[in-house]
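> no FASTA, just this:
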């Protein structure tokens, strides 16, 4: 008996590729910001009143990088046609909305969640 291989819909492929790019860049920039934390901390301390934001800002960068990694992992699972990927991606995006407070982030996150959900029936 052979395995039945489900063909990934083209629309899901496009969504996943866009997520690989967006979440991959988010993770890359987050990691670069974490590595450059010393320079950023020094810069913030030189600006009056900004030294208080240093810890919170760095925590936000770490959280954003972790959520980008989770989104990327979810997209990889959806690429493999696994429903669990949608749940991971959705949780990461909802958390990202709560953390970022960005209107554009909210719009894109909700749009991608709806578009992925439309492909949910094709996953196992």
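Cool, got the structure. These numbers were taken from a predicted model, which means no experiment stands behind them.
> Show the backbone phi and psi for residue 9.
Dihedral pair for residue 9: phi -60, psi 150, per degrees, to the nearest 10.
> these two touch, right, residue 73 and residue 87?
No - between residue 73 and residue 87 there is no contact, the gap being 11.3 Å when judged by Cβ atoms under 8 Å. No exception for glycine: its C-beta is placed from N, CA and C like everyone else's.
> Could you check which of the two has the larger neighbour count?
Taking other Cβ atoms under 10 Å, residue 73 and residue 87 do not tie; residue 73 has more neighbours (17 against 14).
> List the contacts of that one.
Taking Cβ atoms under 8 Å, 6 or more residues apart in numbering as the criterion, residue 73 is in contact with 85, 88.
> just for the chain, where's the confidence low?
1-5, 38, 40-41, 44, 47-55 (pLDDT under 70).
> That one: helices as residue ranges?
Using DSSP state H, the helices of the chain run over residues 10-35, 37-45, 53-79, 83-100, 103-118.
> of those helices, which approaches residue 124 most closely?
helix 83-100 (6.5 Å; Cβ to Cβ).
> Using neighbour counts, pick out the buried residues of that closest one.
Buried positions in helix 83-100, judged by neighbour count with 16 or more other Cβ atoms under 10 Å: 85, 86, 88, 89, 90, 92, 93, 95, 96, 97, 100.
> Can you name the residues that contact the nearest residue to the last one once chain neighbours are set aside?
The spatial neighbour of residue 100 that comes closest, neighbours along the chain excluded (Cβ to Cβ, 6 or more residues apart in numbering), is residue 64 at 7.2 Å. Contacts for residue 64 were tallied using Cβ under 8 Å, 6+ apart; they are 26, 30, 96, 99, 100.
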